[in-house]
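Chemist: Sequence first, then the predicted structure, then my questions.
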Amino acid sequence: MFEFLDLNFVWFVLIAILFTGYAILDGFDLGVGALYLLVKDDNDRRILLNSIGPIWDGNEVWLVTGGGALFAAFPHAYATVFSGFYVAFMILLFVLIFRAVAIEFRSKHESKTWRRNWDISFSVSSILIALLMGVAMGNVIVGLPVQPDFELRTTLLSLLTPYPILTGITTVALFMMHGAIYLVMKTEGELQAKVRGWVNNTIILFVICYVSTTMVTLTFFPQMIANIKEYPILFIVPLLNMLAIANIPREIHHGREFRAFMSSCASILALITLFAIGLFPNIVPAADPANSLTIYNAASSQKTLSIMLIIALIGMPFVVAYTFTIYWIFRGKVRLNKMSY
Amino acid sequence: MDVELLSRIQFALTVGFHYIYPPMSIGLGLLLVIMEGMYMKTKDIRYHNMTKFWVKVFALIFALGVASGIVMEFQFGTNWAAYSRFVGDVFGSALAAEGIFAFFLESGFLAVLVFGWDKVKPRTHFIATIMVAFGAHLSAVWILVANSWMQTPAGFHIVGEGAMARAEVTNFWQVVFNPSTLERLSHTISAAWITGAFLVLSVSAYYLIKNRHNFFAKQSIKIALVVAAFATMLQLFTGHSSGVQVAKTQPAKMAAFEGHYETGPADLYLFGWVDEANNKVYGLKVPVMLSWLIYGDSKTPVTGLNEFAKEDRPPVQIVFQAYHIMISIGMLLILITYLGVFFWWRGKLENVRWYHHVLVWSVLLPHLANQIGWIAAEVGRQPWIVYGIMRTKDALSKTVNSSEVLFSLILFTAIYLLLFLLFLFLLDRKIKHGPDVYEEGDDVYSQQKYIFDKN
């Protein structure tokens, strides 16, 4: 069963890992952004903002590096998707820029209007980023009108069909739950009590979305579980996913936020693994399967894939080390000071 | 308007806006290491205050660099899909390496640099500062590798035919150390040091004029002058070696730099105007100086533009002017820097008011030179996107139409204009607010804990 274990497969997995890292890490800070307007007091808002203050841009690096790795390992997939989703990607870039500067600018000026405007920008852009990424994943699952020459053309409206909208909303709900759990760890007192309420609500919201997305996917897109049918051992992934999701309310109930957060991370990992298993060996499935971009026809040369693997093997241990160090240094409750946002 | 022109305008706009920030991060990064190093050595709290002020400025600059940089990472795919398909095997690796090696390093340690003052020991904080500066330089390395490969491609071969042809790596180290990498990297890095130094010089001179934060201003100005004195000299040498390298590897670009049409011993213009219709340049020149600078011999011929078919030439006027303005600014920066060194030597640096006014405004000069230098380099490469291999017009995304590019161009123009104005507004406020002062004997590290200030 290891006949597919080659460089192309390794890179498919590595890119999935990079995007999983992005979804787990930026997922909670996007979630914090999505929930942000629910607190009204300026000091409380600053605590929320500073809970992600030192780490949000490091989290976003996972996206940038994932994009770079996709470019290097599967240039056709990079070119096809990014030019094919042109307008949607431009809007995504626009909100990514706005979110970054909103975080940086927001507390630099005392004016109420200034802060309110940046608060809204921060929250709306956080929601839109999650939504757009979910919509993009939904469209990949549905299949895209890729031409035989790998070219793809879509319009914004053609991407906004019911199923992608459902996956988009599910992504927002997932990140809101993930962010709310994170916030319980970073806050205390009255604010924490409030955040605990969000956790319960977002769990309910996410479970509803998750169940509906799963049912719709199984009904209308059975190709997403073709690989699991062929290799029944993979059934362990959806099983672990369900266990991880079920474990979240249990840990929350016992007041073990860190474990709840880990469960939430595990469920994101499992969801993206399911997505990757469903696609494999395609990266961009086409409406006409003959035109699909696969890990073979979209890939760089074997030489580049092996050079890149060396780069990744040298670089990734450092990346993991930095990430753990930074999260360790900034563990514990948020304290505001003169350097804070 | 056609897709090619709009896409090129959009790329120029987004990369030009982005490139306001990285040179400042690189240059200021180096200065932060020096400043905090002074604090580590002297334990003088005033150096701590100084470092902290510049860290806040650094954080603002860095945020805009990150925000505008995300666009760059994805724009090859969105607007230049044919290029991405053609070069992904070579070019993508450099971008991915930049992410893995540089961006994670920078953003991770930036957290400690900005927010970690009360979380880690001073020595650990200093290490974080060094790592951020190192990461900023490392990202310049990889992006310059990528860009230099577009100027002087090496270490690859072409596989496939027609639309499916692409460049594939044959030798990774030849890609990394392609013929122009080292010259262009050193030239860009020294430009970044100058940019950072002049930012510090400008703000310090402003405080001297206003007679505020005197210790801060006097020490900052000296630290920055030392960096500027070193970097402007380095710039002269790297500029020269870049010129020699361009003449050897991109003769059409060199010929356009000097408006040199007929192959033969070439002159060096101080300034001039190119008459592109009649293949002539009017201006003040030093005869045969270009041949001498490139080959150390006034008689060696330099290839002229007439050797190239019309469709293989870059637009001469823009390239000529950009190149000459860049060099003039470079010379001016040397003059300004060494004037300061002279005043310092005479013990008058803190008293020459007119010179302080010059410094306040000269912060703009390195930025102008950075932008215009890149225009000379990139427009000088035209009509090629990969020199001699792929034309810019063949590099576009086939499925993106002009109204879509127009939409995104308007979007970027509006947002960048807004961000730039807000950046200036916040920077101005930061500078007018000045450094926060912690007195000698204050325990800076414990003092900062548990402060819930409203602003």
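Modeler: Structure's in. What do you need?
Chemist: show me where pLDDT drops low in chain A?
Modeler: For chain A, applying pLDDT under 70 flags the ranges A:1-3.
Chemist: That one: helices as residue ranges?
Modeler: Applying DSSP state H to chain A gives helices spanning A:7-35, A:42-51, A:56-73, A:75-84, A:86-105, A:112-142, A:156-159, A:162-186, A:189-220, A:226-230, A:236-253, A:257-279, A:302-329.
Chemist: Just tell me which of those helices ends up closest to B:Ser107.
Modeler: With C-beta to C-beta, the closest approach to B:Ser107 among the helices of chain A belongs to helix A:56-73: 4.0 Å. Every C-beta, even on glycine, is put in place using the N, C-alpha and C of the backbone.
Chemist: does any bit of the closest one sit next to chain B?
Modeler: Yes. Legend: contact between helix A:56-73 and chain B by C-beta under 8 Å from any C-beta of the partner chain is shown at A:57-58, A:60-61, A:63-65, A:67-69, A:71-73.
Chemist: One more: stretch A:151-162?
Modeler: Yes. If you take C-beta under 8 Å from any C-beta as the test, stretch A:151-162 does meet chain B, through A:151-153.
Chemist: For the nearest residue to B:Trp374 once chain neighbours are set aside, which residues are in contact?
Modeler: Nearest non-adjacent residue to B:Trp374, counting by C-beta to C-beta, 6 or more residues apart in numbering or on different chains: B:Tyr19, 6.5 Å away. Going by C-beta atoms under 8 Å, 6 or more residues apart in numbering or on different chains, B:Tyr19 touches B:370-371, B:374.
Chemist: okay, now the residue in chain B positioned nearest to chain A: neighbour count?
Modeler: Using C-beta to the nearest C-beta, B:Gly88 is the residue of chain B that sits closest to chain A, at 2.2 Å. B:Gly88 has 31 neighbouring residues, counting by other C-beta atoms under 10 Å in any protein chain shown.
Chemist: what's around the nearest residue to it once chain neighbours are set aside, how many residues?
Modeler: Leaving aside its sequence neighbours, B:Gly88 sits nearest to A:Pro75 (C-beta to C-beta, 6+ apart; 2.2 Å). For A:Pro75, the neighbour count with other C-beta under 10 Å is 28.
Chemist: Spit out the contact partners of the closest residue to B:Trp54 other than its chain neighbours.
Modeler: Of all residues not flanking B:Trp54 in the chain, B:Leu32 sits nearest, at 5.7 Å (C-beta to C-beta, 6+ apart). B:Leu32 makes contact with B:51, B:54-55, B:58, B:113, B:129, B:132-133, according to C-beta under 8 Å, 6+ apart.
Chemist: tell me which parts of the stretch 301-450 of chain B are close to chain A?
Modeler: Near chain A, when you scan the stretch 301-450 of chain B using C-beta under 8 Å from any C-beta, you find B:397-400, B:404, B:407-408, B:411, B:415, B:419, B:422, B:426, B:429-430, B:436, B:448-450.
Chemist: again, only this time at 6 Å
Modeler: Proximity of the stretch 301-450 of chain B to chain A (C-beta under 6 Å from any C-beta of the partner chain) is limited to residues B:397-400, B:404, B:408, B:411, B:419, B:426, B:448, B:450.
Chemist: Show me which pair in those residues is furthest apart.
Modeler: Pairwise distances across those peak at 58.8 Å for B:Lys398 and B:Tyr450 (criterion: C-beta to C-beta).
Chemist: So for those two, which sits in the more crowded spot?
Modeler: Between B:Lys398 and B:Tyr450, B:Lys398 has the larger neighbour count (other C-beta under 10 Å), namely 18 against 10.
Chemist: how about the more buried one, secondary structure?
Modeler: Look at B:Lys398: counting by DSSP: H, G, I helix; E, B strand; the rest coil, its state is coil.
Chemist: shouldn't it be in contact with A:Glu151?
Modeler: Yes. Between B:Lys398 and A:Glu151 there is a contact under C-beta atoms under 6 Å: 5.3 Å.
Chemist: Break down the stretch 201-350 of chain B into its strands, ranges please.
Modeler: Here the stretch 201-350 of chain B has its strands, by DSSP state E, counting those that start in this stretch, at B:268-275, B:280-286.
Chemist: will you turn those strands into a markdown table that also has mean neighbour count and mean pLDDT?
Modeler: Formatted as a markdown table, the strands of the stretch 201-350 of chain B follow (neighbours: other C-beta atoms under 10 Å in any protein chain shown; pLDDT from 0 to 100):
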| stretch | mean neighbour count | mean pLDDT |
| --- | --- | --- |
| strand B:268-275 | 17 | 85 |
| strand B:280-286 | 14 | 85 |
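Chemist: Turn those strands into a markdown table, including distance to B:Trp354.
Modeler: Output for the strands of the stretch 201-350 of chain B, formatted as a markdown table (distance: least, C-beta to C-beta, whole Å):
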| stretch | distance to B:Trp354 |
| --- | --- |
| strand B:268-275 | 26 |
| strand B:280-286 | 28 |
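Chemist: can I get the ones you listed in a markdown table with distance to chain A?
Modeler: Formatted as a markdown table, the strands of the stretch 201-350 of chain B follow (distance: least, C-beta to the nearest C-beta, whole Å):
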| stretch | distance to chain A |
| --- | --- |
| strand B:268-275 | 36 |
| strand B:280-286 | 41 |
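Chemist: tally of neighbours for residue 306?
Modeler: No chain was given, so I picked chain A. A:Ser306 has 15 neighbouring residues, counting by other C-beta under 10 Å.
Chemist: Correction: the question concerned chain B.
Modeler: By the criterion of other C-beta under 10 Å, B:Asn306 has 13 neighbours.
Chemist: where does it land on pLDDT?
Modeler: We have a pLDDT of 87 for B:Asn306.
Chemist: Likewise for the one 5 residues further on?
Modeler: Each residue has a pLDDT score; the one for B:Glu311 is 88.
Chemist: With B:Met233 instead?
Modeler: Note for B:Met233: predicted pLDDT of 94.
Chemist: Can you give me the pLDDT of the spatially closest residue to it that is not a sequence neighbour?
Modeler: Nearest residue to B:Met233, sequence neighbours excluded (C-beta to C-beta, 6+ apart): B:Ile334, at 7.4 Å. Looking at B:Ile334, its pLDDT stands at 95.
Chemist: what's the answer for the one 5 residues further on, then?
Modeler: Here, the pLDDT recorded for B:Leu339 equals 93.
Chemist: Could you give the number of residues near it?
Modeler: Applying other C-beta under 10 Å, we find 15 residues neighbouring B:Leu339.
Chemist: Is it correct that the residue nearest to B:Gly88 is in contact with B:Phe86?
Modeler: No. Between A:Pro75 and B:Phe86 there is no contact under C-beta under 6 Å: 8.3 Å.
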